[in-house]
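J.: Next input, structure requested:
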Amino acid sequence: MPGKIWEFPQTSRNWLLHARYVRGEHAQCLDLADELQRCSENRHRYAYFIKASVLADAGRYQEALERFHSCIRLQPQDPEPLKEVAKCLFRQGRFQLSLEAYLEADKLTKHPDPDVFCALAECAWNLGDAERGVEWARAGVQAGGGERAGALLAKLLLACDDVSGALAAYDQALTTHACGADTMAAAGALCLRAGDPRRAFQLLGAALAQQPTQHAAALALAAMMLQHKDVDAALARLKAALSAHPTCVAAHTNLGLALLAKKKYVAALTCLQRAVWAAPLSGRAAHDLGLALLLCKRPASAFCRLATAAALQPTQPYTVLLIGVALERLGDSRADAAYARAVTLSPQDPLIRLNMAGRHARVGRLAEAVEEAGVTAELLQGQQKGDPQLASSLTTLLALLREAGVELHQLPPAVPDVEGPTCVPDEPPTPDEDNMAPDEV
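T.: Here you go, the predicted structure:
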């Protein structure tokens, strides 16, 4: 009838409230929610729910919690507001309270909810109870949680040192669901860690094909290419990773080491320095920069960086070994203590033992050098897969000891035979003195 004002029930404008929320019209959404509350004497449950969701999206979690609690008081048997309360508590870092809220929501749900199970697993992960989280993640997979539940189960199994179980979880997720680039990148990195480079290459390539800016996949592929001496392809992958994640410390570090292999010393030092700036408390970044400075014949600067790395990681034997090398190049008598400390930290490492033997030989302690060379030979013989470079270096050291007058019966009986080339491998790249003079001069 013309002129008649139709009166609709108070839920009739819920669709408009929802539409404005999903379109991001939060200001109009809040105005409409307030209007609906005035019309219903503050008993409009959906208006409370949407207003709380807007506040949660804005980071105002405490105010959102109050509105969600109003929803719960109006209808205590609805699990959705309780799930949102748990989500707000999780975002606040109150994981134990969030866990308890999700457990209450699970009691109210009529059917198994995979979102609740996955959220419980994430709470357990943050509380340090990975084994309990595995149980909830398995329940999430069985309830149809899809890619999220499968990837979460694999991550929790990996935290429990169950690599085979994590691989099986990733395989099940990849074969059952259309997974995203992040899951494929994580699965590829785990395959690479487990010694399956072919499968890793397939997964990482698929992740990059789906999302070219996936920096984790680009980093893992670059690491594989560097292992196969394909430096140019690794450089391209690392640059792509940095374009997507400019502050990635691993990308800066690997790019610097790759440039170092290309003998681009200034660019390499720049990348490694950026890694140190991005992560000043990273012992690995300081170690790599110190190594590069040693190769560039700057032992004083290298010692400063390596000392920082040793302070951050006191039990890293290679960092202590490089400190000994830097001190020896500086003519400091404390080099002997650094070499001895490295041997103490890793007495079964043939590389460290060989460097100790070289140090004894250079300062004229031939008897100690022969003893360390014998220990190195025994360690190399005990390895299942020999290292050609170490065996060749040991042979060279023994030849120098013979020239120095050491009697043959004092030397180790034989150097272990190793598979691979018998020639001396290429030395690490070192710049010409004219191109990169030491900073101490």
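
J.: and residue 383, what element?
T.: Under DSSP states H and E, no helix or strand contains residue 383.

J.: Which per-residue confidence value corresponds to residue 20?
T.: pLDDT recorded at residue 20 is 83.

J.: so what's it closest to, chain neighbours aside?
T.: Using CB to CB, 6 or more residues apart in numbering and skipping residues adjacent in sequence, the residue nearest residue 20 is residue 29, 4.2 Å away. Glycine gets a C-beta too; all of them are placed from N, C-alpha and C.

J.: Please compute how far the helix or strand containing the one you found lies from its chain's middle.
T.: Using DSSP H and E, residue 29 falls within helix 26-39. Chain-centre distance of helix 26-39: 45 Å, with CA atoms, centre = their mean, to the nearest Å.

J.: So which elements touch it?
T.: Helices and strands touching helix 26-39, as assessed by 3 or more CB pairs under 8 Å, 6 or more residues apart in numbering; DSSP states H and E, comprise helix 14-22, helix 45-57.

J.: For residue 233, give me its contacts.
T.: 222, 225 (CB atoms under 8 Å, 6 or more residues apart in numbering).

J.: Can you list phi and psi of it for me?
T.: The phi/psi pair for residue 233 (degrees, to the nearest 10) reads phi -60, psi -40.

J.: how many other residues sit next to residue 176?
T.: 12 (other CB atoms under 10 Å).

J.: Compute the distance between it and residue 150, please.
T.: As defined by CB to CB, to the nearest Å, residue 176 lies at a distance of 7 Å from residue 150.

J.: mind listing the strands for the stretch 151-300 of the chain?
T.: When secondary structure is read from DSSP state E, counting those that start in this stretch, the stretch 151-300 of the chain shows no strands.

J.: related to what we said a few turns ago, the residue nearest to residue 20 reaches residue 47, doesn't it?
T.: No - assessed by CB atoms under 8 Å, residue 29 is found out of contact with residue 47, at 9.6 Å.

J.: Identify the contacts common to the two.
T.: Contacts common to residue 29 and residue 47, judged by CB under 8 Å, 6+ apart, are residue 17.

J.: These two - which one has more neighbours?
T.: Neighbour count, other CB under 10 Å: between residue 29 and residue 47, residue 47 has more, with 28 against 23.

J.: so where's this protein uncertain?
T.: 1-12, 384, 386, 407-441 (pLDDT under 70).

J.: ok, 80 please
T.: 1-13, 37, 40-43, 213, 227-228, 240, 244, 382-387, 404-441 (pLDDT under 80).

J.: What residue spans form the domains of it?
T.: As given by automatic domain parsing, the domain ranges for the chain are 11-110, 347-426.

J.: How far off centre is the first one?
T.: For domain 11-110, the gap between its own C-alpha mean and the chain's C-alpha mean amounts to 35 Å (CA atoms, centre = their mean).

J.: Next, the angle from the helix holding residue 29 to helix 45-57.
T.: 150 degrees (axes from the mean of the first three to the mean of the last three CA atoms, to 10 degrees).

J.: and stretch 136-153, how far out from the chain's middle?
T.: The answer for stretch 136-153 is 23 Å, by CA atoms, centre = their mean.

J.: begin at 743 from here
T.: Yes, from this point I'll number from 743; that puts the last item at stretch 878-895.

J.: For that stretch, buried residues please.
T.: 878-883, 885, 887-895 (16 or more other CB atoms under 10 Å).

J.: Quick check: residue 953 vs residue 992, distance?
T.: 18 Å.

J.: ok, these two, which is more surrounded?
T.: Comparing residue 953 with residue 992 by neighbour count (other CB under 10 Å), the higher total belongs to residue 992, at 21 against 16.

J.: Look up how far residue 925 lies from that one.
T.: Residue 992 is 20 Å from residue 925, by CB to CB.

J.: in what helix or strand does the closest residue to residue 1045 other than its chain neighbours lie?
T.: Leaving aside its chain neighbours, residue 1045 sits nearest to residue 1068 (4.2 Å; criterion: CB to CB, 6+ apart). Using DSSP H and E, residue 1068 falls within helix 1059-1071.

J.: cool, residue 808 as well?
T.: helix 803-816.

J.: For that helix, name the packing helices and strands.
T.: Looks like helix 803-816 contacts helix 787-799, helix 821-833 (3+ CB pairs under 8 Å, 6+ apart).

J.: and of these, who's closest to residue 1076?
T.: Of all the helices and strands packed on helix 803-816, helix 821-833 sits nearest to residue 1076, with 50.9 Å by CB to CB.

J.: Check which helices and strands the closest one sits against.
T.: Using 3+ CB pairs under 8 Å, 6+ apart: helix 821-833 touches helix 787-799, helix 803-816, helix 837-850, helix 856-868.

J.: Tell me the buried residues in it?
T.: 821, 823-832.

J.: Please save the CA atoms from that helix in PDB.
T.: What follows is helix 821-833, C-alpha atoms only, in PDB (Å, rounded to 0.1, in the frame of the first residue of the first chain):
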ATOM      1  CA  PRO A 821      30.600 -21.800  19.600                       C
ATOM      2  CA  GLU A 822      31.400 -19.100  17.100                       C
ATOM      3  CA  PRO A 823      31.900 -16.200  19.600                       C
ATOM      4  CA  LEU A 824      33.900 -18.500  21.800                       C
ATOM      5  CA  LYS A 825      36.200 -19.300  18.900                       C
ATOM      6  CA  GLU A 826      36.700 -15.600  18.200                       C
ATOM      7  CA  VAL A 827      37.500 -15.100  21.900                       C
ATOM      8  CA  ALA A 828      40.100 -17.800  21.700                       C
ATOM      9  CA  LYS A 829      41.500 -16.200  18.500                       C
ATOM     10  CA  CYS A 830      41.800 -12.800  20.200                       C
ATOM     11  CA  LEU A 831      43.600 -14.300  23.200                       C
ATOM     12  CA  PHE A 832      46.000 -16.100  20.800                       C
ATOM     13  CA  ARG A 833      46.800 -12.900  19.100                       C
END
